[in-house]
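Participant: Any chance you can model this:
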Amino acid sequence: MTHDHPAAPGRALSRPFGRLITAMVTPFTADGALDLDGAARLAAHLVDAQRNDALVVNGTTGESPTTTDAEKETLIRVVAETVGDRAQVVAGVGTNDTRHTIELAAAAEKAGAHGLLVVTPYYNKPPQRGLLRHFTAVADATGLPVMLYDVPHRSAVPIDTETLVAAAEHDRIVALKDAKGDLTATSWVTSRCDLALYCGDDPLTLPTLAVGGVGLVGTSTHFTGALAKQMIEAYDAGDTAAALALHHRLLPLFAGVFRAPGTILVKAGLAASGLPAGPVRSPLSDATDEDLAQLRADCAAAGLDLP
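Facilitator: The predicted structure follows:
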């Protein structure tokens, strides 16, 4: 782990998964099957052209609710074989069933993943003690480092600061993808434990860095990755004016990619750019012409060209 810029007294920042991570969409063929060649090409583009240090595969942006366990394992293997020599592959394995999550974690480790992303169990609304048992059970099940994912607007249950502090005592729970949208809560986490805190909400990346965050797990970064990385690097170097200028430049797309579920707009934008994407799987629905026109406008406002 590297210590990059000064943090709060007694707390050195670590970046177990680098500065920039994209939650990669899962390319499908026109008939809805897994597009493995497309996945390899997209992963290479995200690492080589968009400067990602790591990729999340099988996250919600990757339509994990609609892919089978076998598809998930195959996708990890292909992406790891393609970019694993120059970027980390973080496998989304979180479900609302601890046993199933452990099975997915073991399969991901076998397939070549470098780390695990474990979202808060959704819908069944476990108490905080249940969350802690879930997270530690998954962390105990493999030798891989774990990034927790706090996204209460999807999971219905936030991970309380006390729970995160307790989880951070586990040697393999090393990071948090923070999509809570509460910078006060974020600040308490960074002040009380040494989890590497990655912003999980693209427009809040710069403010999150200011309160102790270390990077971004992004969606718009399918398009903005190289510039988002530059923004984080500028902040790390102490050039806050340059970082703020990039934040302001990218804000239309940081926010605009979420006008519809991010997966829908990312896939539309990738397809327009000639990159692998394919359709979304039901119950999502593909972007409309109006959606794509708005995405082009948001890209243009950020100084990026979308064909």
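Participant: what ranges do the helices span in the stretch 151-300 of the chain?
Facilitator: 152-155, 161-167, 183-192, 205-210, 221-236, 240-256, 262-272, 289-301 (DSSP state H, counting those that start in this stretch).
Participant: Of all those, which one comes closest to Thr66?
Facilitator: helix 262-272 (10.2 Å; CB to CB). All C-beta spots, glycine's among them, are computed from the backbone N, C-alpha and C.
Participant: mean confidence for the closest one?
Facilitator: Helix 262-272 shows a mean pLDDT of 98.
Participant: what does it contact?
Facilitator: Contact partners of helix 262-272, identified using CB atoms under 8 Å, 6 or more residues apart in numbering, comprise 25, 42, 60-63, 219-220, 222-223, 256-259, 276-280, 284-287, 291-292, 295-296, 299, 306-307.
Participant: swap in stretch 181-190?
Facilitator: With contacts defined as CB under 8 Å, 6+ apart, stretch 181-190 is touched by 7-8, 11, 153, 158, 161, 164-165, 176, 178, 180, 195, 197, 201, 204, 207-208, 211-213.
Participant: Distance from that stretch to the middle of the chain?
Facilitator: Mean-position distance between stretch 181-190 and its chain equals 18 Å (CA atoms, centre = their mean, to the nearest Å).
Participant: what's the answer for stretch 153-167, then?
Facilitator: Using CA atoms, centre = their mean, the offset of stretch 153-167 from its chain centre is 17 Å.
Participant: Enumerate the positions of that stretch that are buried.
Facilitator: Ser155, Val157, Pro158, Ile159, Asp160, Thr161, Thr163, Leu164, Ala166, Ala167 (16 or more other CB atoms under 10 Å).
Participant: Closest to the centroid, which residue in this structure?
Facilitator: For the chain, the residue sitting closest to the mean C-alpha position, by CA atoms, centre = their mean, is Val217 at 3.5 Å.
Participant: can I assume that residue is in contact with Leu55?
Facilitator: No. Using CB atoms under 8 Å as the test, Val217 is too far from Leu55 to be in contact (9.8 Å).
Participant: Can you work out which residues contact both of these two?
Facilitator: In contact with both Val217 and Leu55: Ile21, Thr22, Ala23, using CB under 8 Å, 6+ apart.
Participant: out of the residues you listed, which are inside strands?
Facilitator: Ile21, Thr22, Ala23 (DSSP state E).
Participant: In TSV: those residues, plus neighbour count, pLDDT and distance to Thr68.
Facilitator: Shown next, in TSV, are these (neighbours: other CB atoms under 10 Å; pLDDT from 0 to 100; distance: CB to CB, whole Å):
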residue	neighbour count	pLDDT	distance to Thr68
Ile21	30	98	24
Thr22	32	98	23
Ala23	26	98	19
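Participant: For those, give me CSV that also has distance to His247.
Facilitator: Converted to CSV, those look like this (distance: CB to CB, whole Å):
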residue, distance to His247
Ile21, 18
Thr22, 18
Ala23, 20
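Participant: quick one: the strands in this protein?
Facilitator: 20-23, 54-57, 88-92, 115-119, 146-150, 173-178, 196-199, 215-218.
Participant: any chance of these in a markdown table, with distance to Leu104 too?
Facilitator: Formatted as a markdown table, the strands of the chain follow (distance: least, CB to CB, whole Å):
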| stretch | distance to Leu104 |
| --- | --- |
| strand 20-23 | 16 |
| strand 54-57 | 12 |
| strand 88-92 | 8 |
| strand 115-119 | 9 |
| strand 146-150 | 13 |
| strand 173-178 | 17 |
| strand 196-199 | 21 |
| strand 215-218 | 18 |
